[in-house]
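Novice: model the following, please.
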Amino acid sequence: MEDDTGPALPPPRAASKKAASNAARKPRVSMPRLVAIFVTTVVFLGLTLYGFHRLEQFLIMDARFALRGPGDDTSLEIDGAAHAARPAIEKIFGDDTGASVYLIPLADRREAVRNVPWVREASVARVWPNRVIVRVKERTPVAFVRLNSEDEDVRFEVIGRFAKKQVRRSLELDRNLTHPAR
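Specialist: Predicted coordinates for the structure are as follows:
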């Protein structure tokens, strides 16, 4: 009796050892394909580096990112400096006038601002496209000492809360400082 499924198929042949070992191997990638992958990767990396270089040159050279002069309050903003000399802080950024804010070494400028008399703590932030914000926390005076010298006018030494002496070369004291914090 014959099946309805069609003619009977011969039984499958046993695979030879060579055919079994070829099936277990991974397919090999051809040499031209490896060269194409390598060249594509190198070109992609080269274009990426070139793009970053062009972006950096744009940030350095474009006038939109230049820091304006010290007289411009919109470009260099100084917050919290009531007794600290604003011109001294502006002078620190004098070399950066006309240069891109991208090139300003913020850590160096922060340390320079911290060395200004009356400044206890400072932070310097870059705000794109062309602004720098300097935030200052001033020292709290604890004592004033009047020193007289033959070479100079009357000089006042201000001893701050953190034991740093600060010099004030004026006979007129600010009203806020006549009664130091207790």
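Novice: list the buried residues for the one helix or strand residue 122 maps to?
Specialist: In the assignment (DSSP states H and E), residue 122 maps to strand 119-127. Using 16 or more other CB atoms under 10 Å as the test for burial, strand 119-127 gives 119, 122, 124. (C-beta placed from N, C-alpha, C; glycine too.)
Novice: could you give the mean pLDDT of that strand?
Specialist: Mean pLDDT, computed over strand 119-127, is 91.
Novice: equivalent analysis for stretch 42-57, please.
Specialist: Rounded mean pLDDT across stretch 42-57 is 97.
Novice: got the domain boundaries for the chain?
Specialist: 34-63, 66-138, 141-177 (automatic domain parsing).
Novice: where's residue 35 relative to residue 42, distance?
Specialist: Distance, residue 35 to residue 42, by CB to CB, to the nearest Å: 11 Å.
Novice: nope, residue 63 is what I meant
Specialist: Using CB to CB, residue 63 is found at 35 Å from residue 42.
Novice: same deal with residue 104?
Specialist: Counting by CB to CB, the gap from residue 104 to residue 42 is 35 Å.
Novice: who's more crowded, the two?
Specialist: Neighbours per residue (other CB atoms under 10 Å) separate residue 104 from residue 42, with residue 104 holding more: 16 against 10.
Novice: mind listing the helices in the chain by residue range?
Specialist: Using DSSP state H, the helices of the chain run over residues 17-24, 31-61, 86-92, 106-114.
Novice: and these as a markdown table, adding distance to residue 68?
Specialist: As requested, the helices of the chain are exported to a markdown table (distance: least, CB to CB, whole Å):
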| stretch | distance to residue 68 |
| --- | --- |
| helix 17-24 | 72 |
| helix 31-61 | 16 |
| helix 86-92 | 11 |
| helix 106-114 | 16 |
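Novice: residues contacting residue 29?
Specialist: The contact partners of residue 29, by CB atoms under 8 Å, 6 or more residues apart in numbering, come to none.
Novice: let me see the confidence value for it.
Specialist: pLDDT, read off for residue 29, is 77.
Novice: got a list of what residue 85 touches?
Specialist: For residue 85, the contacting residues are 116-118, by CB under 8 Å, 6+ apart.
Novice: tell me the one of these nearest residue 53?
Specialist: Set against residue 53, the nearest of the contacts of residue 85 by CB to CB is residue 116 (36.9 Å).
Novice: distance check, the closest residue to that closest one other than its chain neighbours against residue 53.
Specialist: In this structure, residue 116 finds its nearest non-sequential neighbour in residue 88, 5.0 Å apart by CB to CB, 6 or more residues apart in numbering. According to CB to CB, residue 88 and residue 53 sit 37 Å apart.
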